[in-house]
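[1] Quick one: sequence and predicted model below, then my questions.
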Amino acid sequence: MSDEELAGVAGYMQRAKEQAMQNVEHVAEGVAADTLSEGKLFEIAQAVGDKRLEDLNVADTTCGYCAVGCRFDLYSDGEEILAARPTEDEDAPVNGISTCVKGKFGYDFVNSDDRLTTPLVRDENDEFREASWEEALDRVAEGLGGIRDEHGGDALSVIASSKATNEENYLMGKFARQVLGTNSVDNCNRLCHSSTVAGLAATYGYGAASISVEDLELADCILLTGSNTTEAHPVLATRIKQNVRDGADLLVFDPREVQIAEYATQYSRVKPGYDAVWINGITRYIVNNDLHDEAFVEERTTGFEDVKEAVQEFTPERVEEVTGVPREEIVSAAETIAEADTCVFGWTLGLTEHSHGTENVMAMANLAAVTGNLGKPGTGVSPFRGQNNVQGGGGDMGPLPDNFPGYQDIADDEIRAKFEEAWDCDISPEYGHYTTQMFLAADDERVRGMYIIGENAALSEPGVNHAEEILADLDFLVVQDLFVNETAQYADVVLPACSFVEKTGTFTNTDRTVQMVKQVMEPKGDSRPDWKILQDLANRMGRDWDYGSTAEIMEEVNSLTPLYGGVSHARVEAEGGLQWPCWDKDHPGTERLYTEEFNTDDGKAQMQAIGYSEPAELPDDEYPFTLTTGRVLYQYHTGTMTHREEGIMQYTPSDFVEIHPDTAVDYGIESGDMVRVESRRGEVTVPAQVTDRVGRDNLFVPIHFAESAVNRLTDEEHLDPAAATPEFKVSAVRIRPVKGEAEPVRRADVEASTGDD
Ligand SMILES: Nc1nc2c(c(=O)[nH]1)N[C@H]1C(S)=C(S)[C@@H](COP(=O)(O)OP(=O)(O)OC[C@H]3O[C@@H](n4cnc5c(=O)[nH]c(N)nc54)[C@H](O)[C@@H]3O)O[C@H]1N2
Ligand SMILES: Nc1nc2c(c(=O)[nH]1)N[C@H]1C(S)=C(S)[C@@H](COP(=O)(O)OP(=O)(O)OC[C@H]3O[C@@H](n4cnc5c(=O)[nH]c(N)nc54)[C@H](O)[C@@H]3O)O[C@H]1N2
Ligand code: SF4
Ligand SMILES: [Mo]
């Protein structure tokens, strides 16, 4: 690099990155690692003179990685993303001047050499060749249209993308129903928080967080479970830690002693798969000792007596026996929650990715209701959502088999008639397939063609050995993505889409805030935003879509979706974000749900008696360990974005298996040794990370690498009965060391610190 370049912003970015990556290597994990404040690593004003800054494009936009919804200015010279700089506080309600390493530096994927820049079609030799948009779209129209005409729309499925904008997801749902004639449209929420959505909707009316992120700092007590907050939602973790430093209590229940546990007033190790048991145990202690909020229960809930009766079996002794949580810890957690004036209940996938996740969530919803912790500042339920736009694009916009936008039930005749009229088509009242069921339905050819947009199903679905066979056997598969990911390898046509830095629209974050996403670069090569691709395709398949911008699409959303009635681009822009429900253009948006009433027929929270179910697959002599799966800070899911970042790859070059030191001794395994992990469905080989973060009988493997695709091990058949979520968090497995070179496990060397950030 020349001196001149080094002096410019690109050089500065490069050096800042190198410095950041060195920091994370050398400073103990926790900190340099989890959130980076602006001042620490990047002073753009100091890096570029005003003159050069004028030559750059700048857009204030929203991060496209996770659902925290950090806001920052992105700088580009038109060729690449040069810098991300958090904006002023008032425009960045969640993050202020912080971001995590992904939002700050994770942009090399945009210009990566293997970025898809033209459409690809399969040729006569079964190889991909480049094609014009005309040819590729014709092939898709023929492929999907042919199946629709011969077998009916039900033979087609669409997987929509929670990476894409709200406006694009609205069109994905509309395309499925209007153009293809199928209700089988779903998205990654099914693999993630759909049991949260089902459980909260059943009890309170809305399947979403009731809080604003600010409540994490207002609460006197926070109960966190099944959430590796510092790695998966780093900026939220920082806010929680701040509150703990200011004196709040933090209770953490997790089978792994994740880093946030270091800050906890109480950490309890739970046996994976039995959460309803300890939650009901806490509720029992509270109601039996009259520690519940009687006035709230009386005025604002129904079902208390049923709940009280149902929890009686969960005595502290029983809870200890089933979950491994010592009885005193149930008592102390219950007392802490009851004594706190305000409490927030936070959770993530440890609670939901089970064959009975909805039950876990409903047990939690009962606990929040009996303690009256809803609708007031510093109280509420907070499922931390996953993908950047899974709340909005994956839920609110209705690319769902059972709901239109705004959670309007497709089986409701009046609602269906409204959409049939607006979209000028017939819509079946029968629910379509959930994502997990699409793959099962394809087995007997009930599904013959799929349109997969921005979802790497070949790695992220449960039981991918089977998913791969299904994808290979489909009559027609079209994939729309930034890369030829593992799923696209099975496609007949691959359409090149744009990433969030190349398009404009909105994302909705984990606390229901709709925020602007703004284009800062032209689409790479011949790639196109998802909404434009859908429009071209709809028009090729006989429709007449004529959207000039995503703002126009949002106007259509406003007219059909009461929750988003007043959410226009102009307002989101002017007000720096708007929280739904926002009923009309004069409505200010909703900071906190349920301040006055619940979204139920009688306005009360409808508590229901909840027992507990066992995980679908229990450990036995043959498969003695319980495997759980999840994430690490630096990597994002199947790696399409983060694997193209050199610094990140140096730091976390592969998946690994966390093994308890006693187990490691039993098997003669040391950190770095290669270990084969086998389930009844498949096997993967990964380096060992010996650590007491996991319990004696548990193992943990991340989900980030195709080479060790952990979903070869997971089970696709036992799904949550209400939400069809798979049991990603529990599989019975066995292990054996395999001979061969030991691999460096960079992350293994890094133990959590008690450092201050
Ligand atoms: N760096 C990074 N951040 C991300 C993502 C990413 O890929 N990388 N993905 C985003 C997405 S889409 C999502 S959904 C979120 C997920 O965010 P998290 O759910 O926090 O992420 P996981 O790593 O899946 O961790 C789940 C936690 O559940 C615990 N757990 C496992 N089994 C059980 C159980 O039976 N009971 C309980 N109580 N806990 C259990 C695990 O030990 C772990 O601490 O992260 C988002 N943020
Ligand atoms: N074992 C196990 N499996 C899991 C989980 C687990 O905890 N354990 N977690 C589950 C969860 S919570 C989730 S959310 C899923 C995640 O699974 P996926 O959603 O399949 O994972 P990603 O790698 O994020 O895939 C997103 C794809 O979208 C592309 N993309 C990015 N932006 C855009 C865009 O704007 N437009 C288009 N068209 N494409 C774009 C990316 O290149 C990538 O191929 O994994 C699930 N699978
Ligand atoms: S915490 Fe999430 S939204 Fe914020 S910068 Fe990191 S990945 Fe982006
Ligand atoms: Mo997710």
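    Thanks, I have it. Residues are numbered from 1 along each chain as shown. Ligands and ions are numbered 1, 2, ... in the order given.

[2] Got the phi and psi for the closest residue to residue 350 other than its chain neighbours?
    With sequence-adjacent residues excluded and distances taken as C-beta to C-beta, 6 or more residues apart in numbering, residue 350 is closest to residue 226, at 1.9 Å. For the C-beta atoms, the positions are set from N, CA and C on the backbone; glycine is no exception. Residue 226 adopts backbone torsions of phi 60, psi 30, taken as degrees, to the nearest 10.

[3] Tell me the spacing between residue 226 and residue 255.
    According to C-beta to C-beta, to the nearest Å, residue 226 and residue 255 sit 9 Å apart.

[4] out of those two, which sits in the busier spot?
    Remark: of residue 226 and residue 255, residue 226 carries more neighbours, 30 against 27, as counted by other C-beta atoms under 10 Å.

[5] That one touches residue 347, doesn't it?
    Yes: counting by C-beta atoms under 8 Å, residue 347 is a contact partner of residue 226 at 5.1 Å.

[6] residues contacting the nearest residue to residue 272 once chain neighbours are set aside?
    Take residue 272 and drop its neighbours on the chain: the residue closest to it by C-beta to C-beta, 6+ apart is residue 255, 4.7 Å away. Neighbour list for residue 255: 269, 270, 271, 272, 350, 628, 694, 695, 698 [criterion: C-beta atoms under 8 Å, 6 or more residues apart in numbering].

[7] From those residues, pick the one nearest ligand 2.
    residue 628 (8.3 Å; C-beta to the nearest ligand atom).

[8] Pretty sure the closest one sits in a strand.
    Yes: assessed with DSSP: H, G, I helix; E, B strand; the rest coil, residue 628 lies in a strand.

[9] Quick check: it touching residue 733?
    No: counting by C-beta under 8 Å, residue 733 is not a contact partner of residue 628; they are 10.2 Å apart.

[10] what do those two both touch?
    Residues touching both residue 628 and residue 733 (C-beta under 8 Å, 6+ apart): residue 699.

[11] so how far is the helix or strand in which residue 296 is found from its chain's centroid?
    Assessed by DSSP states H and E, residue 296 sits inside helix 294-300. Relative to its chain's centre, helix 294-300 lies at 34 Å (C-alpha atoms, centre = their mean, to the nearest Å).

[12] Which strands or helices does that helix pack on?
    Packed against helix 294-300 by the contact rule (3 or more C-beta pairs under 8 Å, 6 or more residues apart in numbering; DSSP states H and E) you find helix 357-370.

[13] who does the following helix or strand past the helix it packs on touch, helix- and strand-wise?
    Proceeding N to C from helix 357-370, the next assigned helix or strand is strand 380-383, under DSSP H and E. Helices and strands touching strand 380-383, by 3+ C-beta pairs under 8 Å, 6+ apart, are helix 194-204, helix 215-218, strand 343-347, helix 357-370.

[14] beta partners of the closest residue in space to residue 144 that isn't next to it in sequence?
    In space, and not counting its chain neighbours, residue 144 is closest to residue 449: 5.7 Å by C-beta to C-beta, 6+ apart. For residue 449, the beta-bridge partners are residue 156, residue 476 (DSSP bridges).

[15] tell me the pLDDT at residue 449?
    pLDDT for residue 449: 98.

[16] surely it meets residue 145?
    No: assessed by C-beta under 8 Å, residue 449 is found out of contact with residue 145, at 9.7 Å.

[17] what's the distance between the spatially closest residue to residue 464 that is not a sequence neighbour and residue 353?
    In this structure, residue 464 finds its nearest non-sequential neighbour in residue 711, 4.3 Å apart by C-beta to C-beta, 6+ apart. For residue 711, the distance to residue 353 equals 12 Å [C-beta to C-beta].

[18] what do you get for residue 725?
    Residue 725 is 6 Å from residue 353, by C-beta to C-beta.

[19] What's the local residue count around the residue of the stretch 351-500 of the chain found nearest ligand 1?
    At 2.4 Å from ligand 1, residue 386 is the closest residue in the stretch 351-500 of the chain, using C-beta to the nearest ligand atom. The tally of other residues near residue 386 (other C-beta under 10 Å) stands at 25.

[20] hang on, isn't the residue nearest to residue 464 packed against residue 460?
    Yes: if you go by C-beta under 8 Å, residue 711 and residue 460 touch, sitting 6.8 Å apart.

[21] which residues do those two both contact?
    Taking C-beta under 8 Å, 6+ apart as the contact rule, the neighbours common to residue 711 and residue 460 are residue 703.

[22] who has more neighbours, those two?
    Using other C-beta under 10 Å, the more surrounded residue of residue 711 and residue 460 is residue 711, with 28 against 21.

[23] what's the nearest residue to residue 348 once chain neighbours are set aside in contact with, if anything?
    Sequence neighbours aside, residue 227 is the residue nearest to residue 348 in space, at 3.8 Å (criterion: C-beta to C-beta, 6+ apart). Neighbouring residues of residue 227 by C-beta under 8 Å, 6+ apart: 233, 254, 258, 260, 346, 347, 348, 349, 350, 384.

[24] try it again with 7 Å
    Residue 227 makes contact with 346, 347, 348, 350, 384, according to C-beta atoms under 7 Å, 6 or more residues apart in numbering.

[25] And residue 721, by the same measure?
    Residues near residue 721 by C-beta under 7 Å, 6+ apart: none.

[26] Tell me the spacing between it and residue 613.
    Note on residue 721: its distance to residue 613, by C-beta to C-beta, is 9 Å.

[27] Against residue 702, how distant is residue 693?
    13 Å.

[28] And residue 290, by the same measure?
    Residue 290 is 44 Å from residue 702, by C-beta to C-beta.

[29] what about the nearest residue to residue 613 once chain neighbours are set aside, neighbour count?
    What sits nearest to residue 613 in space, not counting adjacent residues and going by C-beta to C-beta, 6+ apart, is residue 356, at 4.0 Å. Counted with other C-beta under 10 Å, the neighbours of residue 356 add up to 28.

[30] Return the backbone torsion pair for residue 356.
    Main-chain torsions, residue 356, degrees, to the nearest 10: phi -140, psi 40.

[31] Return the residues in contact with whichever residue of the stretch 201-350 of the chain sits closest to ligand 2.
    Nearest residue of the stretch 201-350 of the chain to ligand 2 (C-beta to the nearest ligand atom) works out as residue 349 at 5.3 Å. By C-beta under 7 Å, 6+ apart, residue 349 lies in contact with 192, 226, 630, 729.

[32] of these, closest to ligand 2?
    Ligand 2 has its nearest neighbour among these in residue 192, at 3.3 Å by C-beta to the nearest ligand atom.

[33] The closest one and residue 386 touch, don't they?
    Yes: with contacts defined as C-beta atoms under 7 Å, residue 192 counts as touching residue 386 at a distance of 4.9 Å.

[34] Who has more neighbours out of residue 449 and residue 145?
    Using other C-beta under 10 Å as the criterion, residue 449 and residue 145 rank with residue 449 on top: 25 against 19.

[35] what's the distance between the more buried one and ligand 3?
    Separation of residue 449 from ligand 3 (C-beta to the nearest ligand atom, to the nearest Å) stands at 34 Å.

[36] so that residue touches residue 476, yeah?
    Yes: with contact defined as C-beta under 7 Å, residue 449 reaches residue 476; the gap is 4.1 Å.

[37] Closest approach to ligand 2 from this protein, which residue is it?
    Closest point on the chain to ligand 2, by C-beta to the nearest ligand atom, is residue 454, at 2.7 Å.

[38] how many neighbours does that residue have?
    Residue 454 has 27 nearby residues by other C-beta under 10 Å.

[39] With residue 647 instead?
    Residues contacting residue 647 under the criterion other C-beta under 10 Å number 18.

[40] Now do the helix or strand harbouring residue 471: everything it contacts.
    Secondary structure assigned from DSSP H and E places residue 471 in helix 464-473. Residues outside helix 464-473 that contact it (C-beta under 7 Å, 6+ apart): 439, 442-443, 457-458, 461, 477, 487, 490, 681-682, 709, 711-712, 716.
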